[in-house]
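Enquirer: got a structure for you, letters missing:
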Ligand code: SF4
């Protein structure tokens, strides 16, 4: 029973964080209209970044060089969410700038989307030591800020890149091989998981599947395609 209540509280917290991220700072009470002036105030990415500050909410702050907040178009229709910063990202403070980033740019070009038009972020904003996998407590500490970013941007589609991204956003343990290419819902936003570009660099034979997933995204966004 306790476990059930804790889970319920945790879900409620996540939902309230999401609403806050959408700019809804108070809930309507009976007798008051939801659209009454002052009932909601839209926030910006800059404000979310300010709130994150010099974050020390998890142990990754001890080893990181830079917080990699995310970058791109605040009004993007497509948002890409990866796992976490690697060496190059930690040095430059930008997401997907290494070899995997170059491949991601190429993948986006294949659906005629310049990189500047999308928004790119990660599940965690600080590089784990030796690029190890992110740990549960780190993901949980960072997650509310990703949800706030999603709330501000309100993309039409989120492309979840790799296992950690897909499993965290969709709150599942299902493997990426079973999730990729399928369409899910996150509070009204479509989520399509696909393989992480770093995985693609090691397994170029999986390119075909990513291409199929990108074609699906292009179709939903009404874009043309060329090959990766
Ligand atoms: S990973 Fe996220 S929660 Fe942890 S220190 Fe960095 S910004 Fe803060």
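Expert: Structure received. Note that this is a predicted model, so its numbers are computed, not measured.

Enquirer: what ranges do the helices span in the protein?
Expert: 2-21, 45-52, 87-92, 99-110, 136-153, 163-170, 176-179, 197-202, 207-221 (DSSP state H).

Enquirer: mind putting those in a markdown table, distance to the ligand and mean neighbour count included?
Expert: Quick note: C-beta positions are derived from backbone N, CA and C, even for glycine. Output for the helices of the chain, formatted as a markdown table (distance: least, C-beta to the nearest ligand atom, whole Å; neighbours: other C-beta atoms under 10 Å):
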| stretch | distance to the ligand | mean neighbour count |
| --- | --- | --- |
| helix 2-21 | 13 | 12 |
| helix 45-52 | 6 | 15 |
| helix 87-92 | 11 | 17 |
| helix 99-110 | 19 | 18 |
| helix 136-153 | 3 | 20 |
| helix 163-170 | 12 | 22 |
| helix 176-179 | 21 | 16 |
| helix 197-202 | 18 | 18 |
| helix 207-221 | 26 | 17 |
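
Enquirer: tell me the contacts of the residue positioned nearest the centre of the chain?
Expert: Centroid-nearest residue in the chain, with C-alpha atoms, centre = their mean: residue 81, separated by 3.4 Å. Residues in contact with residue 81 (C-beta atoms under 8 Å, 6 or more residues apart in numbering) are 120-123, 146, 158-161, 165, 169.

Enquirer: and if you look at residue 141?
Expert: Applying C-beta under 8 Å, 6+ apart, the residues near residue 141 are 57-58.

Enquirer: Could you report the distance from it to residue 61?
Expert: 10 Å (C-beta to C-beta, to the nearest Å).

Enquirer: give me the low-pLDDT residue ranges for this structure?
Expert: Low-confidence segments of the chain (pLDDT under 70): 1-41, 224-228.

Enquirer: hmm, 90 instead?
Expert: 1-42, 222-228 (pLDDT under 90).

Enquirer: how near is residue 198 to residue 212?
Expert: Distance, residue 198 to residue 212, by C-beta to C-beta: 19 Å.
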